[in-house]
Structure formats: structure tokens, C-alpha cells
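[1] Kindly return the folded structure for what I paste below:
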Amino acid sequence: MKQGTNIRGLKTSLALFTSLSALAVTAPAFAQDVEAEEGNSADTALADDVIIVRGIRKALAASSDIKRDGQGVVDAITAEDIGEFPDTNLAESLQRISGVSIDRRNGEGSTVTVRGFGPQYNLVLLNGRQMPTAFLEGGAPSSRSFDFADLASEGIAGVRVYKTGRAALPTGGIGSTLNILTARPLDAPGMKLSLGAKAVIDDSITELDGGDPAVTPEFSGFYSNTFLEDKVGVAITGAYQKRESGFAQFGTTSGWRGAYLGSDNNWGTLPRDGRAENRPGDNDVYAVPQNANYSLVGIERERINGQVSLQYRPIDTLTTTLDYFYSRNEIDTRTSDLSVWFNHGNTTSAWGDGPISDILFYNEDFGDAGTDLSMGTARTGTLSEKNSVGFNAEWEATENLSVVFDIHSSSAESGSNSPFGTSGVVSTADFSLRRQDLDFRTEIPTLALGFQDGSSNIAAARMLGTGSTFQDSFIRTEIDQAQIVATYAFDESIVRSIDFGLTATKNDFQSTFSNNQRDSWGGVGSPDDYPDDIWERTNLASNFDQFGGYQGIPGEFFVVDFERLISIMDQSIGTFGPICGGDGNCINDVPVATDRRTEEESYSAFIEIDTEFMIGSMPASIIAGVRYEQTDVTSEALVPIPTGTQWVAANEFGLLGVNDPENRDFTQLEGDYDFWLPAIDFQVNPHDDVVLRASYSKTMTRPSYADIQGGQTVAQLFRIDGGDGSAGNPALEPFLSTNLDFSAEYYYNDASYISVGYFWKEVENFNGVETIFDTPFDIYTPVGGARWNAAVAALGSDEDLVAIRQWIFDNADPNTFEVTGTDVAGNTTGNIFGVAGEDPLLQFQINRPINDEETRSVDGWEFAWQHVFGETGFGFIANYTIVDGDVTFDPNQPGAASAGSGEQVFALTGLSDSYNLVGFYDKDGIQARLAYNWRDEFLASTFGVNGEANNPLFVEAYGQLDFSASYDVTDKLTAYVEGINVLNETRTVVGNSAAYVNFATQNGPRYNVGVRYTF
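    I've put the predicted structure just below:
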């Protein structure tokens, strides 16, 4: 476990990797940290020591010194570390620290988990200032999680990870507080200029188009200079990155129905007529898939980062700094997929033994009525920008008193960068599918198809366009913050110093969501309206060749020209209306469906005392303090109010009125809380080479924006058995954690040490979920009404939804439906409406966050060993983290869809063991590293992909091998090569057991080749 410095100090717990020389000169920024750290010249000297380190061994030796001299549990990565290892962003760098794990999106680090606490439990700062987030996660955005993919590692001087609480630290992270540092020119006087260029070779793109690997450029640069006898300084850092990548993914993207008990007997459960082989027993748990989807995704990303720091020191005792930070991350995505939908009618299946009955295969035969094989095409475009401008003044008022004043205004914004919104999907289909067989007995589920003509092959002549959905999400966070911190240092006293400070923070969050959906799921026009050349036949199965059994995946599918498909469908619009506006923009004229606005105003004060003394002959120190936090929350929400329902196609049910701006209104709710948060750090040195530490603290994390939103929202589409919805709760109290940390460190030479640490956290106010079944809008569903029941009586079964719809069209009151045409099988298409007085009320499962009354604990061990083999140039770094607690999920329980389901179960997401192994060589201008990072299985969510309670998502254990090597051509020019995920590892997300695959993803390896030159 990495132990560390006091809050003013610097500690590099692993110092696993040295950085691009382009940023080696930026390390002086470590002399500047959160304001409570100012005024400690010893720590500044330590920061300066890191700046001049060159080479792996010297960097490790410096980090060992900092670790030894530190106070509290703090880990850090310097600019030396961030660039030279093959890390595309800060998250990739941070995972080398013990206790830190990351989640990846698109093969790149995105968010961090610290000691088992996921991204929502970690606070991110920029130069000691609270950092806004704008993390689009799909659908209506609502998270506080910081997306490190927005930041290029080349643009950052360093990152510190505070694992224990301190009174001087801003609140918000019970897992950790992460402080991102940028350069300050007066910390390293003189002129410095460094430039770097890199070619990125991404092999994942070849999995999509069969061509050569994509080669894209990256550039970085740094300039720093001081003037007027080092009284004025300027530092400028910039980075540009372009990357093309992709991945192939299997998914049950509409979720699993269940988990059921074998005794359940409602819609979607297994039949009892012998069609389910080894049917689960009454008390066994199982689930059935709602759909199966295979997709190929191509991604283009362009990222720009820049920082400017201007400093002026008019007198030796006053330093003023003006900072500006900017990041821009633009992502364009194209997706093509093949999917099937299960109606849970004429099914056959096979199952393993309980208590969790593994699914073996699940098949459905639709007979002469047929169903649709869908092949969708999607375009997404997002743009994320972060801006931060701040002013800082450090004044040494007297020899003993120093004062730091800091103020900043920062914003983060993410939204659409495409006329198709943040997510645009157009579906196409072949309506002659007779049978679909989904097999789960291989590593990746496989699918066999059977069509009405007796073939198993796709055909362009049978394809036509169907429905479309264009969603537009927007999120913006603004933080204005002012801080003042004073430090009084004592002479010749057991009390070294007293720090005290005040902070005022205003946090404004807004997220909006709109949805332009055309419910033409029964088809637009006929296959004759679509030229065959619009469907490009492409290999599908070979893109999954890292999974066992991939040969059973359909060999081919169609990739569709997105823009051309929209044009053709608009020419065959019938009664549905155009997909997009006349200007080709699909979101401009769409009213906002939800508009959530939350304001938090927080005020805090702290005092902290730093003491040093002797215990016998052993030097010791205690830092003790307390922080007071008071927060007021006001949340408004504009939410849609549905006015009715419609049955659009055999398996498509939707709400009416949700896109009508007249059917919505703002609601406002409020909340407030205040807490006292004490913290104590103790350190003793029983021997010159041994450090023992103990820490006690209370910390807090605020609830997510989604949980404190006002208003109640429901999904626009619902199922045959009802709909889903959610509501917020601004009165939620924050998570409170009582923390204990103990550690021991032994330094047996200048660059080698062994450390072990134990941590324990007891957490109150975890957010649970209250699930209620309600009929909040008094709207009616055709399912189970008079027309439905008459059709079932006439047909003798409720399994064939196509037949039920046809009977209603043929026999029911024509005023209760509208006919739009016929499909390729001759079945009537149209919308069947819910009717008051003869149909039942539509029931929704509404989830609402509440504070869990139980107190839960998490504990764990962190082990670290860093060793250098004398003067050979060889060495290694190893760390291992073990985490446990009474916060795990029991997969043996049924989900909310089961009659046997109990209350919503709480479990901590992200909890997992992890380890890192790094071997390195550094001698005679040659540096090489080989690193393996592994993370055990962890719970990602207690909800299914569609929000089904008690329907877990587990990410299976994952390991990744990376390497880097560099050669100093001259003392100024370095050439290097890097490899990321060189073994082409895959990622899998499962449900109650490994058989219930939710996602299986294959990315490719990525390689970088570059040079850097320092003037």
C-alpha cells in the first residue's frame, strides 16, 4: 500500500513510468497543490527533486524519499510517469497505483475506482479546485463521474491521489480525492521548449473494414520562460490527438427478463409443457433474453488540450497566478448491427441445474406469421469541452503567517456534434424470419436463423426500412468557487503549524434530453422501394475471432448507407411523416422532453494542527483537524406527461403525448444537510528505514445528479407487462464514511521498498432504491383489455402477438385503432390504442432513491514491492489490492419481475481485487517496460440494462499487457515505441452467472511510434 506525505508533500507510490520529455519540465507544478499545502519549503524542495529526475531508477529513488517523508496515505504520478508509459489518458496512468482500478470505454480508460469505490465516490480537483464533470453515459445524462478520456496525458504535469481524509481537503470523495496539476513557470525559471510527435497504429479498425490498421497523428508541445529577473513567467502546454478505432460486440441490449423463480407463472416465464428441458425448480433462479444483438462500431476521436499559466511576483513575499485550462474531445461513431427479438411465445430451451439455472439455449419458432430480423444503422456525434480560469495569490504576510487566496470559474459541457443527435438509429428488417436459435454453450453466444423460404441466409431483396429514433442529450456543469487558507508556523514548538480556511462553492448542473422517434416498426413501404445496392454485404463472425465458438455467429450481415437510407425512407413515408426536418437535421425541431436543473450551494470551514514530538527515541507527528460542511440543494425538472398508449407492432408498445411541449411542466424540490468531519494522521519512525502510520477520518460523497433531480420520468416504450420509470429525491443525504488506515513501510535502499497497508471504511447513507408499482398517469394499455381477451379466446392462445393484432384489426371497433398498411407477410400494420373504460390502467415500475438505513463496511489490504537489482539496470514493481465487505450482491435472488422478489438489494459497485506487475530496464540510454494490469470480476450495476431492479451486471475478470521502449538518440532526441493491449484481450459483462451474457466485446491492440525533442 502506498503511504505518503502530508497534504503539502508529494509521494509517488509506484513511480511506475517516466514521462515524455515534452513534459519533464512541467514537474515544478508539484510545488503547487491545494492551498492548505502552501508555505512548506521542505515539500517544495521535494517537488523540485522530482523535476530533475531523469531515468527510471532516479525517479523511483525520488519517489521512495517522498513516500518515506510523507504524512497520510497519498499516491502520486508525476509528469515523469504520465507520458512515457503507453497511457492514452490519465486513467490509464492512474491504474498503476495500488488500490486504483479503471473502467474502459472504446478500449480507453474512462473512469477510476479506488479501493472498491467507483467513479461517483471519487472527487476530482484541478490545481486544488473542484472540477466540473459532463459525462454522457447514454440517454439522459445525470452522473458526477469524471471522464478522464477527455484529457490527454501529455497535457498534465501530475496527479495526486489522496486516499485518506484531511480537514484541509475539499469534500466529495469517500473513495479518494484526485488532484490534477498543471505547470507553474516560476517554479522552474528559464526558457524550456519541448516538442513531441507520435503515430498511433490502431489494429481494432481492421476488425471492421478488413483493411490496413488505421494510422493517426498525435502532437504535443511545451513552452515555459521567465522574465524580469524571474518575476514574470509564462507556461504554455498543448496536445492534439486523433484516433480511429473500433470494436465488435455481442449484447442482450434490451436486457434479460427476470430473474424469475421457477415457480413464477407470468408472461415471459418458461412454459410447463415440456418445451423447457430440465426446467428450473420452483426455488431456482433463471432469466430469459429479450433480444440478441451483434454490432460493429467504428469510432473517430479528436482531442485537443491546452493550458496557459501566467505568474507575477512583484515582491519576494507575493506571487500571483492566472491559469487557464481547456480540453475538447470530439467523438463520431458509426454502428451497424444485426438483432433478433423474443416474443416468448412458442419457445424451446434447455437449462442447467439450480439454484442459479444456467441458460444453455433459447429458441423461438414464429411459424407462418414470421417476425423481423433487424439490421440497424446508427450515427452518434458528441462534443465535450472543459474550461477553467482561476486566479491565485500567495502572500507571506510575516515570517510565520502565510495566506493563500484562490478563486476560479470552471465549466464542463457535453452535447451533440451531429445533425443526428447524440444517438441516431434507423432500423431495417427482413420480416420473413421464421425461427431464431440462440445458443449460450460457447464463450460467446451464437445465433442460427431460419427464414420462411427455408434458407438460413440473409437477402437484400427482403429488406426494408422500419422505425427510427434520434436522441439528443446535453449536460452542463458550472462551478464557481472561492477559497482562502492561512497558515501560521510556530518557532521551536511541538506545534509546527496551524492551518485554517474558508470555502464557498456554487455548483449549477443542467441536463436535457429529447427524443425524435418514428414508430414505423412494421415497415416503411415495401422491399421493392429499396435498391439492393443500398445493402452492403459484410462479414460478421470473423470480427469476434478472439472468442471461442465465434464460428456459430451469422457469417454475414448488411451494412447500410445511413444518409441514403433516410432519403429513401422519406420518399416512402406514407402516414408516418419524414424522419428528419427539411434541412436534414433530425433534432432541431424536437422539443425537449426533460430538462433537469440542480443548484448546490456549499460553505465550509476547517482548522488543522500539525505537531511533531518524540516517543522515546522515535520521531513522531500528528496532524489533526476538523472540517464543517453545509449544503443547500434546489432541484427543478421539466418532465413529459404521457396522454395515452399505442400498440405499434407485434412487440412494440409506446406512449403518446411525450413529445408534445404542452404536456409538461416544471416541478421544484429542495434539500439541505450539514456535517462535521474530523481527521487525524499519526506517524512514527521506529527506525531510520521504517515508517508506521495510522489515520482516522470522516469523509463524504454527494449523491449523483440523477438521484437528486426533481420530477418523475418514464420510458417512452413499454413492455407487454408494463413500463419503467424513475423519480429523484433532492432531500437525499450524502454518503458518510468513517475511515481507518494503518500502514508499515520498509526502505532497504534508495530505490527499493516494501509496504503493506490495511484500510477499513464504515459507510452510512448508501443510496438504496425504493421500487413501487403505480399507475401515475391514468392511461390505458390494450394488453389485457376487452379486445385482447376476445382475441385470445378466439385464437386459444396469447403467444402469437401478430395473430392477436390481426384479430383486433379484423373484428374490433375501428375507432380504437388506425391502419397504416400491410407488411410483406400480408399482416395489417397500424396502431392499436388503449381505451378508457375497456382496457386496464398501464402500470409502471417506478424506482426512487432513498438513504439506506443500514451501515455497511468495506475493508482491504494493499501490498507493494519496488526493487532495483543493483547497477544492472533491471528492476520490478508489484502491487496487489484485496477488498472485501458486506456490500456484495447475492445472485441467487430473483429480480423485480418475479413474484418472489423482495426489497431492492443494495450492493457497492466496483468492488474488486486487483494487481499490477511491471518489469523494467534502464541503462545506457535504453529504457524498456513491460506491464500487466489485472482486475477481478466486479459488480457494475444492480440494475439490468433497462433499469430492472435486482438484475445485476458483473464485469468479468480482465487483464491487459502493455509495453514501452525508448532509446536516447542524443541527449535531446528520444525515439520510442509503445503497445497497448498487445494480447488483444476481450471484455465480458454477465448477469446472475457467467451463462447470462449481457455484453461480449472485442477490441484490438494499439501501437504508438514517436519521437520527442527537448531544446
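[2] any weak-confidence spans in the stretch 501-650 of the chain?
    By pLDDT under 70, the low-scoring segments of the stretch 501-650 of the chain are 572-577, 581-584.
[3] Repeat that for the stretch 101-250 of the chain.
    Within the stretch 101-250 of the chain, the segments meeting pLDDT under 70 span 137-143, 152-155, 205-213.
[4] hey, where'd the strands end up in it?
    108-114, 122-126, 129-130, 158-162, 176-181, 192-202, 214-227, 232-251 (DSSP state E, counting those that start in this stretch).
[5] just the stretch 251-400 of the chain next, same as before
    Going by DSSP E, counting those that start in this stretch, the stretch 251-400 of the chain shows strands at 256-261, 276-277, 285-289, 291-315, 318-341, 347-351, 359-365, 371-396.
[6] can I get those strands in CSV with mean neighbour count and distance to residue 61?
    For every residue, glycine as well, the C-beta is placed using N, CA and C. Converted to CSV, the strands of the stretch 251-400 of the chain look like this (neighbours: other C-beta atoms under 10 Å; distance: least, C-beta to C-beta, whole Å):
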stretch, mean neighbour count, distance to residue 61
strand 256-261, 28, 53
strand 276-277, 16, 64
strand 285-289, 26, 54
strand 291-315, 20, 29
strand 318-341, 20, 30
strand 347-351, 19, 59
strand 359-365, 19, 55
strand 371-396, 21, 30
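[7] The ones you listed: which one's closest to residue 547?
    In terms of C-beta to C-beta, the element of those nearest to residue 547 is strand 291-315, at 11.4 Å.
[8] Would you state the strands of the stretch 601-750 of the chain in chain order?
    Using DSSP E, counting those that start in this stretch, the strands of the stretch 601-750 of the chain run over 618-640, 644-649, 652-656, 664-687, 690-701, 712-714, 717-718, 723-727, 735-749.
[9] And the stretch 751-900 of the chain, by the same measure?
    752-764, 767-774, 817-822, 828-833, 844-851, 856-868, 874-885.
[10] What residues are bridge-paired with the residue nearest the centre of the chain?
    The centroid of the chain falls nearest to residue 111 when counting by C-alpha atoms, centre = their mean (5.4 Å). Note on residue 111: beta-bridge partners by DSSP bridges are residue 103.
[11] My read is that it contacts residue 91, right?
    Yes: the pair residue 111 and residue 91 qualifies as a contact (C-beta atoms under 8 Å) at a distance of 6.7 Å.
[12] which neighbours do these two share?
    Here residue 111 and residue 91 share the contacting residues 102, 148, scored by C-beta atoms under 8 Å, 6 or more residues apart in numbering.
[13] Next up, the contacts around the nearest residue to residue 198 once chain neighbours are set aside.
    With C-beta to C-beta, 6 or more residues apart in numbering as the criterion, residue 198 has its nearest non-adjacent residue at 3.3 Å, and that residue is residue 1010. With contact taken as C-beta under 8 Å, 6+ apart, residue 1010 is in contact with 196, 197, 198, 199, 218, 975, 976, 977.
[14] Give me the buried entries from these.
    Neighbour-count burial within the contacts of residue 1010 applies to 196, 198, 218, 976, 977; the criterion is 16 or more other C-beta atoms under 10 Å.
[15] Any chance of JSON lines for those, columns distance to residue 838?
    Output for the buried ones among the contacts of residue 1010, formatted as JSON lines (distance: C-beta to C-beta, whole Å):
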{"residue": "196", "distance to residue 838": "71"}
{"residue": "198", "distance to residue 838": "67"}
{"residue": "218", "distance to residue 838": "64"}
{"residue": "976", "distance to residue 838": "73"}
{"residue": "977", "distance to residue 838": "71"}
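[16] per-residue pLDDT, residue 436?
    For residue 436, the model assigns a pLDDT of 96.
[17] just use 32 as the starting number from now, easier for me
    In the new numbering, first residue 32, that becomes residue 467.
[18] is it true that residue 821 touches residue 841?
    No: using C-beta under 8 Å, residue 821 is not in contact with residue 841; the gap is 11.2 Å.
[19] what pairs with residue 535 across the strands?
    Bridge pairing for residue 535 - DSSP bridges - gives residue 513, residue 634.
[20] What distance do you get for it to residue 517?
    Residue 535 sits 16 Å away from residue 517, going by C-beta to C-beta, to the nearest Å.
[21] Between those two, which is the more surrounded one?
    Set residue 535 next to residue 517 and count neighbours by other C-beta atoms under 10 Å: residue 517 wins out with 20 against 14.
[22] so the more buried one makes contact with residue 528?
    No: look at residue 517 against residue 528 with C-beta under 8 Å: they stay out of range, at 10.2 Å.
[23] shared neighbours, those two?
    By C-beta under 8 Å, 6+ apart, no residue touches both residue 517 and residue 528.
[24] what are the phi and psi angles of residue 491?
    When read as degrees, to the nearest 10, the backbone of residue 491 gives phi -60, psi -30.
[25] For it, which residues are in contact?
    Residue 491 makes contact with 563, 565, 566, 568, 589 under the criterion C-beta under 8 Å, 6+ apart.
[26] Around the second one, how many other residues sit close by?
    The reference is to residue 565. Burial of residue 565 is recorded as 18 neighbouring residues (other C-beta under 10 Å).
[27] Could you verify my assumption that it touches residue 597?
    No: using C-beta under 8 Å, residue 565 is not in contact with residue 597; the gap is 11.0 Å.
[28] follow-up on the earlier one: could you dump the strands of the stretch 282-431 of the chain into TSV and include distance to residue 275 and mean pLDDT?
    Converted to TSV, the strands of the stretch 282-431 of the chain look like this (distance: least, C-beta to C-beta, whole Å; pLDDT from 0 to 100):
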stretch	distance to residue 275	mean pLDDT
strand 287-292	33	87
strand 307-308	46	94
strand 316-320	32	93
strand 322-346	5	94
strand 349-372	10	94
strand 378-382	41	95
strand 390-396	36	96
strand 402-427	15	93
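[29] Rebuild these as a markdown table, extending it with distance to residue 650.
    Converted to a markdown table, these look like this (distance: least, C-beta to C-beta, whole Å):
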| stretch | distance to residue 650 |
| --- | --- |
| strand 287-292 | 57 |
| strand 307-308 | 71 |
| strand 316-320 | 58 |
| strand 322-346 | 34 |
| strand 349-372 | 31 |
| strand 378-382 | 65 |
| strand 390-396 | 62 |
| strand 402-427 | 27 |
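[30] can you tell me which of the ones you listed comes nearest to residue 1021?
    Nearest of the strands of the stretch 282-431 of the chain to residue 1021, taken as C-beta to C-beta: strand 287-292 at 10.2 Å.
[31] Now the closest one - C-alpha only, PDB.
    Backbone C-alpha positions of strand 287-292 (Å, rounded to 0.1, in the frame of the first residue of the first chain) are rendered in PDB as follows:
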ATOM      1  CA  TRP A 287     -33.000 -10.100 -19.600                       C
ATOM      2  CA  ARG A 288     -36.500 -10.800 -18.400                       C
ATOM      3  CA  GLY A 289     -36.300 -11.900 -14.800                       C
ATOM      4  CA  ALA A 290     -34.500 -13.100 -12.800                       C
ATOM      5  CA  TYR A 291     -37.600 -15.300 -12.200                       C
ATOM      6  CA  LEU A 292     -38.100 -18.100  -9.700                       C
END
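[32] Quick one: list the elements packing against that strand.
    Under the contact criterion of 3 or more C-beta pairs under 8 Å, 6 or more residues apart in numbering; DSSP states H and E, strand 287-292 touches strand 316-320.
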